[in-house]
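> Need coordinates for the following:
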Amino acid sequence: MSGEADMTESRLDSKTALITGAASGIGRESAALFARHGAAVVLVDREGDAVSAVAAELVEQGHRAIAVTADVSSDADAARMIEEAETAFGSLHVLFNNAGIMHPDDGDAQQTSEEVWDLTMSVNLKGVWLGCRHGIPALRRAGGGSVINTGSFVALLGAATPQIAYTASKGGVVAMSRELAVIHARENIRVNALCPGPLHTELLMSVLDTDEKRERRRVHIPMGRFGEPSEIAQAALWLASDESSFTTGTEFVVDGGITSAYVTPEGPPR
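You can find the predicted model right below:
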């Protein structure tokens, strides 16, 4: 879309949304979708040039957007991204802790090094905690809002292809989201874990770097294909909007049916 923003869509009108990992994948698609629905968006990523380009594109289209270069695993950076959101747009209503990594050397418990484990936990789990640590007080100042933390279907099932650090980190995200939802439920702050299935993203495709690896993952998905980041963005939009006002503490699964396939008596498809 070019030129002025289409203001006929306004499910997030008058809201400010901060999205981490916004330079690509789910984060980028969500930022564009949220903006089209009336939100002012704060795009956060450690890749400064890339996230600035995405924000500039949204501004050119007539949306309200800023870019913040930050490392979500840094307490100082997490505090600064929230401060910049409130300074730019006055308040924060939606916090989408989406940034994450999937390390190519993440394997089983024996193969995975301590360095890979620590890095994965630092970004995927600590990064979400820091986002909530600094972001929830901002939502409280705004009178309430929605926290969306990106989990994964592997937090619920385990992965067919070993990735122990990633799976454990996402399990932590799901558990933390559930507890935060209970703690803050009466403050008009909702917290949900958004759990995508396997997606056709640069992140996953770089790990499933052969046709054999991709087929091994794809064959378990009942819909027979990888999901698209835009499909997860649509789910995030609902969780961000007032339409989900009675939804908190959930593992919101968008996975092409893969978790259902694993819990049937027949087990996963072969």
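
> check which helix or strand covers the residue nearest to A159 when sequence neighbours are not counted.
Closest residue to A159 apart from its sequence neighbours, by C-beta to C-beta, 6 or more residues apart in numbering: T167 at 5.5 Å. Yep, even glycine has a C-beta here, placed from its N, CA and C like the rest. T167 is part of helix 164-184, with elements assigned from DSSP states H and E.

> Buried residues of that helix, list them for me.
For helix 164-184, the neighbour count (16 or more other C-beta atoms under 10 Å) marks 164-174, 176-178, 180-181, 184 as buried.

> Show me what that helix is in contact with.
Here helix 164-184 makes contact (C-beta atoms under 8 Å, 6 or more residues apart in numbering) with 100-103, 106-109, 112, 116-117, 120-121, 124-125, 128-129, 132, 136, 147, 149-152, 154-156, 158-159, 190-193, 195, 248-251.

> Also stretch 72-83?
With contacts defined as C-beta under 8 Å, 6+ apart, stretch 72-83 is touched by 18, 20-21, 42, 44, 46, 68, 70-71, 92, 97, 99, 122-123, 126-128, 130-131, 133-135, 138.

> same thing but at 10 Å, please
For stretch 72-83, contacts defined as C-beta atoms under 10 Å, 6 or more residues apart in numbering pick out 18, 20-21, 42-46, 68-71, 92, 95, 97-101, 119, 121-139.

> Next, count neighbours for the closest residue to S113 other than its chain neighbours.
The spatial neighbour of S113 that comes closest, neighbours along the chain excluded (C-beta to C-beta, 6+ apart), is D105 at 6.7 Å. Other residues near D105 number 14, with proximity taken as other C-beta atoms under 10 Å.

> phi, psi of D105?
Main-chain torsions, D105, degrees, to the nearest 10: phi -100, psi 10.

> circling back to that earlier point, ok, of the contacts of helix 164-184, which come out buried?
Buried by 16+ other C-beta under 10 Å: 100-103, 106-107, 112, 116-117, 120-121, 124-125, 128-129, 132, 136, 147, 149-152, 154-156, 159, 190-193, 195, 248, 250-251, out of the contacts of helix 164-184.

> Narrow those residues to those in helices?
Among the buried ones among the contacts of helix 164-184, the ones falling in helices (DSSP state H) are V116, W117, T120, M121, V128, W129, C132, I136, V154, A155, L156.

> Distance of the residue nearest to S113 relative to W117?
Distance of D105 to W117, given as C-beta to C-beta, to the nearest Å: 10 Å.

> just H200 next, same as before
Taken as C-beta to C-beta, the span from H200 to W117 is 27 Å.

> does R11 count as helix, strand or coil?
When classified by DSSP: H, G, I helix; E, B strand; the rest coil, R11 comes out as coil.

> Ramachandran angles for it?
Taking degrees, to the nearest 10 as the convention, R11 sits at phi -70, psi -20.

> residues in contact with it?
L33, F34, R36, H37, G38, A39, L237, W238, A240, S241, D242, E243.

> please redo it, this time with the cut-off set to 8 Å
Counting by C-beta under 8 Å, 6+ apart, R11 has contacts H37, G38, L237, S241, D242, E243.

> Ok, S244 next?
S244 touches S146, R190, N192, W238, counting by C-beta under 8 Å, 6+ apart.

> ok, the third one touching V147?
Which is N192. Yes. N192 lies in contact with V147 (C-beta atoms under 8 Å); the separation is 7.3 Å.

> follow-up on the earlier one: out of the contacts of S244, which is nearest to S52?
S146 (25.6 Å; C-beta to C-beta).

> list the contacts for the closest one?
S146 neighbours (C-beta under 8 Å, 6+ apart): H93, V94, L95, L139, I189, R190, V191, N192, L239, A240, S241, S244.

> Just the C-alpha atoms of the helix or strand where the third one lies, please, in CSV.
To tie it back to what came earlier, the one meant is L95. Assigning secondary structure by DSSP H and E places L95 in strand 94-97. Extracted in CSV, the C-alpha atoms of strand 94-97 (Å, rounded to 0.1, in the frame of the first residue of the first chain):
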residue,chain,number,x,y,z
VAL,A,94,-0.2,-3.1,23.4
LEU,A,95,3.1,-4.8,24.2
PHE,A,96,4.1,-7.6,21.7
ASN,A,97,7.2,-9.4,23.0
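
> All set now, cheers.
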